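Chemist: Have a look; sequence and predicted model below, questions after that.
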Amino acid sequence: MPHRQPSLADILATLDVDRVDDEHFVATQLDNPIHHIVGGHIAGQALIAASRTAPDRVPHSVHVYYLRAGDARRPVDLHVEVARDGGTLSTRQVTARQDGQILLEVLSSFTTAVDAAEYQQSMPAVPDPESLPSSQQQLADYADELGGYWVQPHPFDLRYVDPPPRLAVELPDPSPRLRLWWKPSGPVPADAAMHSALLTYLSGTTMVEAALAMRRATPASTFNALIDHALWFQRPVDLSDWVLSDQFSPSGVAGRGLSTSTMYNRAGQLVCVATQELYFGRGGARRR
C-alpha cells in the first residue's frame, strides 16, 4: 500500500537540520511504512547543512550520489567539509552516514551576486496555474483506488498541464514530456536555502513521473530509487508563487530512467535546471 504524503510542516521541520558543531549536523528522517529514506528529502537536508557553513551566499548547485538506502526510523549524520571559499563561489562536500556506512555523497556550490550579461531559453507557453484543476480534482475518478492515494492531501499544490502518470498509463502513446505548476501548500520561511531545499525535495518526487509515464507505470505500481541527482539554481526561487516544471525523460535503458527538468518562475525567469537518474530494477512495468 502506498504511504501517505508527509505534511509541509513536517518537511520544513526536518529539512532544518540540527547543528552539533561547525561541521557536524544531525538530520531527522521522514518515516514511512517501508522505512525508506526519501532521496530528494535527504538531498535537501544535505544542501541545508552545507548552506549553514556558507551563510552569506546562496545555493548555486548541488550534485548527489546515492549509495545506500538507509533507515528512515533513525537520524542520519551529516559531515560538511569546507572544500573552498573563493571570491564568488564556495564549495562544500557533504557525507551522510548511518551506523558508520555512507548513504550519499554531495558536492554543493554557493555564490554571491555577479553583475553580468544574462540569457536564457524561453518558458513554454502553458495555461496559467489558476486555470488548471488540482491533482486531486484531476484524479477524482480514481479516489477509491489504493485507499485514496491519488486524492490524499499533498505538501505541494500540483497543477498538471500534461496527464500525470495515473492518466498517462491509459494513453495509447504516452509522452516523455510532463509539465506541471507547483508551489508549497502553505507559507515557507523567507530563507533562500530553504526554498532551494524544498525545490530539491520536490524534484526528487516529481521528475520520476516523466520516466514512469514511458514505462506505463505510476509511483504506486513500481519500485524506483534515485541513483544520482544534480540541480543548478540559476537564480533564487521564490516559493510564495507558482513554479513551472517542464520535465522530460530522454532515455530509459538497463533498468534505469533518465529525467530532466527546467523550472521557471511565474515571470518566465529560469530558476533551476535539474537532472536525475533512477533505478527501476530488472523487472517492473515496461513500455508496450
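Modeler: Perfect, thanks for sending it.

Chemist: Any regions of the chain where pLDDT drops low?
Modeler: 1-3, 283-288 (pLDDT under 70).

Chemist: Helices of that one, start to end?
Modeler: 8-15, 39-51, 135-138, 165-168, 192-206, 208-214 (DSSP state H).

Chemist: Mean neighbour count for those helices - can I get that in TSV?
Modeler: Where you see a C-beta, it was placed from the backbone N, CA and C, and this is true even at glycine. Below are the helices of the chain laid out as TSV (neighbours: other Cβ atoms under 10 Å):
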stretch	mean neighbour count
helix 8-15	18
helix 39-51	28
helix 135-138	16
helix 165-168	22
helix 192-206	24
helix 208-214	26
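
Chemist: Nearest approach to residue 158 belongs to which of those?
Modeler: helix 135-138 (4.2 Å; Cβ to Cβ).

Chemist: Let me know which of the helices of the chain is the nearest to residue 269.
Modeler: Nearest to residue 269, of these and by Cβ to Cβ, is helix 192-206 at 13.9 Å.

Chemist: and the direction of that closest one versus that of helix 8-15, what angle?
Modeler: In terms of direction (axes from the mean of the first three to the mean of the last three Cα atoms, to 10 degrees), helix 192-206 departs from helix 8-15 by 110 degrees.

Chemist: Please enumerate residues in contact with stretch 259-267?
Modeler: 121, 123, 199, 203, 206-208, 210-211, 237-238, 241-250, 270-278 (Cβ atoms under 8 Å, 6 or more residues apart in numbering).

Chemist: And stretch 88-98, by the same measure?
Modeler: Under Cβ under 8 Å, 6+ apart, the answer for stretch 88-98 is 27, 42, 45-46, 49-50, 53-54, 57, 60, 68, 70-71, 74-84, 102-112, 114.

Chemist: Stretch 47-58 now?
Modeler: Under Cβ under 8 Å, 6+ apart, the answer for stretch 47-58 is 15-17, 19, 22-23, 25, 27, 59, 62, 78, 80, 82, 85, 90, 92, 94, 106, 108, 110-112, 192-194, 196-197, 200, 233, 236.

Chemist: Make a ChimeraX selection of the buried ones in these.
Modeler: Buried subset of the contacts of stretch 47-58, written as a ChimeraX selection, criterion 16 or more other Cβ atoms under 10 Å:
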select :15,16,17,19,25,27,59,62,78,80,90,92,94,106,108,110,111,192,193,194,196,197,200,233
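
Chemist: Let's see which of the contacts of stretch 47-58 end up in strands.
Modeler: 19, 25, 27, 59, 62, 78, 80, 82, 85, 90, 92, 94, 106, 108, 110-111, 233 (DSSP state E).

Chemist: returning to that earlier point: what's the closest of the helices of the chain to residue 154?
Modeler: Comparing the helices of the chain by Cβ to Cβ, helix 135-138 comes nearest, at 6.8 Å.

Chemist: Thank you, goodbye.
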